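Visitor: could you work out the structure for the sequence below:
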Amino acid sequence: MTAPGPRPGAVSGNPAAPAHVNRDTARRVVPLFRPYRAQVAAVVGLIVVTSTIGIINPLLIQVVFNEALFVPGGPNLQLLVILVAIMAVVPIVNGAIGILQTYETTRVGQLVMRDLRDRLYSHLQTLPLAFFTGTKTGEIQSRLANDVGGVQSVVTTTASTILANVVIFVSTIVAMIILSWQLTIVAVITVPVFFWLTKTVGERRRQVSRSTQESLAAMSAISEETLSVSGVLLAKVFGNQARDIARYQRENQRLAGLEVRQQMIGQGFYAVVQSFLSITPALVYLTAGLLIANHHAVSAGTIVAFTALQTRLYFPVGQLLQVSVELRSSLALFDRVFEYLDVVPDIVDAPDAVDLPVAEAGGRVALEDVYFRYPGAAAGALSGVSLGASPGHLVALVGPSGAGKTTISYLIPRLYDVTAGAVEVDGLDVRHVRQASLASAIGFVTQESYLFHDTVLANIRYGRPSASLEEVEEAARAAYIHDRIMEFSDGYDTVVGERGYRLSGGEKQRLAIARVLLHDPRILILDEATSSLDTASEREVQKALDALMGSRTTIAIAHRLSTIVSADVIYVIDRGRVTESGSHRDLLRQGGLYASLYEEQFEGGQVQWPCPDGDIMADGTVRPREPQAVQAS
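Guide: Next up is the predicted model:
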């Protein structure tokens, strides 16, 4: 059986694959507005009204001059009052409509931005583990914050500004032609030059804008890595604060330079444009004089009205030049957002995927001749691995570092898909099991348990968000952490700090075990769950693990062999293959790799490490401890 693959031409979830930037970005932006067609139509209508109503007053100026002021017998005051009243009401009405337009435009824009952020975040949640192991967290944060935030002005203001200025430009041209087509030709003759400048400047600025966002992403990544608790701690113990500061300052200097370039590109062109726009009115006056000299009827009212319209024409031309450059620059931000949206998840539910069957004794795990190679790796991580684990049994995986033990633990919950062979849970290939069903059946306890910067209650309840407080406390008691929680000043409302730094290693592990207990999986995977703990903490955690295992299928990865001597089956993994399997005593008698690893940890026949049942001796036997010795420990 094979897992469904990505569609042809799509970007793989493998971060090593080059991301394709869609050149037709503008066409992809339009569908974002489809859910809000009615609101967009209302905004367009309001923009058309506010943009065309502005030509009323310049046209009325011609009437004021020609029919109300300079008429035989003196000014027509009655008509003048009416015209002035209309000219006073028009901007008031236009301002009121403009307020409504701004509200609707901002509302639609924010709804679109909300959808885009939700879509990007939801899509990132579906991407495989390989994507996140190959991408800096700061880079991902930058796409969500800087890039999506950067396109916000485009969605909320730039698009409406372009439409408004196009309507103003067209309506003004129409009004000019009505007044005088000869003067109109003089006024608009330089417009093609402006638009050519727009394209040239826009392409250059778009390139700089993309470099600017990449620099912002790099700064976010540096901040994310060096200002976290782990990063600060690492810098302090190695004395590398000056190096990290210098690295940040270099990127900050690069960003400052790019920002200056982005602002200065096109400023020379804008100066040329402004010069043309200032010269053109003088050319209009000259043309009007020539027309009058050649006996063409051009009234004073027409010239004044035309001059008023000229300012209305030049404003949208300048705005379109500036805004279109901004739009081109912002397309680079959309490109970066769409790059992530174009990454196709490698791990998806197959069309025929089913839920795991509900069975009291469920949880059997089997790997059948499994081969696996990490994306982009030169060599395979696993070669022909076959093993099994049954409910109620503890199966241990041991072997040198890099042998493939953790890789096996990643394949069972389908964090990766096998290259060949199959991983089965209760007889079903995991590639044909719904991911939600598989996740509900598997619990993971790792060496470094991740805790959120939240309360103890929220961290435990993450295992089952619907759990009641009583169920949370029951899980905490089973994990031998309830009493310790009650010693905290705020009890279950105690905030654990980022990654749980306010707790000890043993406390974090038992909190993580309580979370898994609340999750109540049928399959339990322990990846070095106690290797970083001291003796006392390990004993507490081991008691919690014993409660957690119960009748579940347990697969434990261990370097510290004392923790798995009582395992039902031990598989020795070396260079991606199962080289030995059997019980602890069987493997010691075989005298292979396991025996060598054991001898390295238990030299001299002395007690090397305590376990819940007694002291483990170098020959593999367990010597029971006296009751008082257990009490003392």
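Visitor: show the pLDDT at D568.
Guide: The predicted local confidence for D568 comes out at a pLDDT of 91.
Visitor: ok, it to A389 distance?
Guide: 9 Å (C-beta to C-beta, to the nearest Å). The way it works is simple: take the backbone N, C-alpha and C, and place the C-beta from them, glycine included.
Visitor: just Q319 next, same as before
Guide: Distance of Q319 to A389, computed by C-beta to C-beta: 68 Å.
Visitor: report the longest helix in this protein, please.
Guide: For the chain, the longest helix by residue count, based on DSSP state H, is helix 77-126.
Visitor: which residues touch the closest residue to G380 other than its chain neighbours?
Guide: Leaving out its chain neighbours, the residue that sits closest to G380 by C-beta to C-beta, 6 or more residues apart in numbering is R373, at 4.3 Å. Contacts for R373 were tallied using C-beta atoms under 8 Å, 6 or more residues apart in numbering; they are 379-381, 419.
Visitor: now do the buried residues in the strand or helix carrying Y571.
Guide: The secondary structure element spanning Y571 is strand 569-574 (assigned by DSSP states H and E). If you call a residue buried by 16 or more other C-beta atoms under 10 Å, then strand 569-574 has these buried ones: 569-574.
Visitor: make JSON lines from the residues you listed and add distance to E224 to it.
Guide: Rendered in JSON lines, the data for those read as follows (distance: C-beta to C-beta, whole Å):
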{"residue": "V569", "distance to E224": "42"}
{"residue": "I570", "distance to E224": "40"}
{"residue": "Y571", "distance to E224": "38"}
{"residue": "V572", "distance to E224": "39"}
{"residue": "I573", "distance to E224": "34"}
{"residue": "D574", "distance to E224": "37"}
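Visitor: ok, the contacts of R373 vs T494, which is closest?
Guide: Of all those, the one sitting nearest T494 is A381; the distance, using C-beta to C-beta, is 40.1 Å.
Visitor: touching, that closest one and G404? I think so.
Guide: Yes - counting by C-beta atoms under 8 Å, A381 does reach G404; the two are 5.2 Å apart.
Visitor: now for the two: what residues contact both?
Guide: With contacts defined as C-beta under 8 Å, 6+ apart, the residues shared by A381 and G404 are G576.
Visitor: looking at stretch 245-264 now, give me its mean pLDDT.
Guide: Averaged across stretch 245-264, pLDDT comes to 87.
Visitor: now that stretch: buried residues?
Guide: Buried, per 16+ other C-beta under 10 Å, within stretch 245-264: 248, 251, 254-255, 258, 261-262.
Visitor: can you check stretch 177-188 too?
Guide: Counting neighbours by 16+ other C-beta under 10 Å, one finds that the buried residues in stretch 177-188 are 179-180, 183-184, 186-188.
Visitor: dump those residues to CSV, plus secondary structure and pLDDT.
Guide: Written out in CSV, the entries for the buried residues of stretch 177-188 read as follows (DSSP: H, G, I helix; E, B strand; the rest coil; pLDDT from 0 to 100):
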residue, secondary structure, pLDDT
L179, helix, 83
S180, coil, 82
L183, helix, 82
T184, helix, 83
V186, helix, 78
A187, helix, 77
V188, helix, 79
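Visitor: between the residues you listed, which is closest to Q152?
Guide: Using C-beta to C-beta, V188 is the member of the buried residues of stretch 177-188 that sits closest to Q152, with 33.8 Å.
Visitor: ends of stretch 150-168, what's the gap?
Guide: The first and last residues of stretch 150-168 sit 27 Å apart, counting by C-alpha to C-alpha, to the nearest Å.
Visitor: follow-up on the earlier one: which one's more surrounded, Q319 and A389?
Guide: For the pair Q319 and A389, the greater number of neighbours falls to A389 (27 against 17), based on other C-beta atoms under 10 Å.
Visitor: any idea how far stretch 310-321 is from the chain center?
Guide: With C-alpha atoms, centre = their mean, to the nearest Å as the basis, stretch 310-321 stands 39 Å off its chain's centre.
Visitor: likewise for stretch 548-563?
Guide: In terms of C-alpha atoms, centre = their mean, the gap separating the centre of stretch 548-563 from the centre of its chain is 35 Å.
Visitor: figure out the length between the terminal residues of that stretch.
Guide: Using C-alpha to C-alpha, one end of stretch 548-563 lies 15 Å from the other.
Visitor: quick one, domains of the protein?
Guide: Domain segmentation of the chain under automatic domain parsing yields 25-341, 365-601, 606-633.
Visitor: give me the low-pLDDT residue ranges for the stretch 451-600 of the chain?
Guide: Low-confidence regions of the stretch 451-600 of the chain, defined here as pLDDT under 70, cover residues 530-537.
Visitor: would you map the strands across it?
Guide: Listed in chain order, the strands of the stretch 451-600 of the chain (DSSP state E, counting those that start in this stretch) span 523-527, 553-557, 569-574, 577-582.
Visitor: what's in contact with the second one?
Guide: The one in question is strand 553-557. By C-beta under 8 Å, 6+ apart, the residues outside strand 553-557 that reach it are 363-365, 389-398, 405-406, 408-409, 412, 522-529, 563-564, 567.
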